[in-house]
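Novice: No sequence on hand, only this structure:
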């Protein structure tokens, strides 16, 4: 019999926060909160990754009482900061390339999908 792993919301939030800090996203950025929510939502439902602008950003905007344009910009800024300051080895593992000058940063949806997929695999949410 396979033992089922139960992951509480708090454990999931903590895992996402820890991983994002490891990626170099400072917690004081507004995009950090939005990105954490986006990753959590996508880890629970990967279909959202395919509709970032149509479903994910509007849902996040409602949740955080702002606009989807502000959500998108804040997440993009957090990813840019992460890409500039983050752990190159971890980027290599996650994206298949690192943050050297020869590679451009991943898009918002690529970043969210990769982090959400990593969390899903690590915590067996599949």
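Specialist: Okay, I see it. Keep in mind it's a predicted model, so treat the numbers as computed, not measured.
Novice: Name the residues of stretch 90-98 that are buried.
Specialist: Within stretch 90-98, the residues that count as buried by 16 or more other Cβ atoms under 10 Å are 90, 91, 94, 95, 98. Using the backbone N, CA and C atoms, a C-beta is placed for each residue, glycine as well.
Novice: got the contact list for residue 63?
Specialist: Residues near residue 63 by Cβ atoms under 8 Å, 6 or more residues apart in numbering: residue 37.
Novice: State the distance from it to residue 100.
Specialist: To residue 100, residue 63 is 35 Å away according to Cβ to Cβ, to the nearest Å.
Novice: Columns secondary structure and distance to residue 58 on top of the buried residues of stretch 90-98, output as TSV?
Specialist: Compiled in TSV, the buried residues of stretch 90-98 are given as follows (DSSP: H, G, I helix; E, B strand; the rest coil; distance: Cβ to Cβ, whole Å):
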residue	secondary structure	distance to residue 58
90	helix	30
91	helix	29
94	helix	26
95	helix	26
98	coil	32
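Novice: Which of these sits closest to residue 84?
Specialist: residue 91 (11.1 Å; Cβ to Cβ).
Novice: these two touch, right, the closest one and residue 105?
Specialist: No. Distance between residue 91 and residue 105: 9.2 Å, which falls outside the contact criterion (Cβ atoms under 8 Å).
Novice: report the longest helix in this structure, please.
Specialist: With residue count as the measure and DSSP state H as the assignment, the chain has helix 68-85 as its longest helix.
Novice: quick one: buried residues of that one?
Specialist: Neighbour-count burial for helix 68-85 [16+ other Cβ under 10 Å]: 68, 70-72, 74-79, 81-83.
Novice: Contacts made by it with the rest, please.
Specialist: Outside of helix 68-85, the residues within contact range by Cβ under 8 Å, 6+ apart are 20, 23-26, 29-32, 34-35, 38, 53, 57-58, 60-61, 64, 91, 99, 105-106, 108, 111-112.
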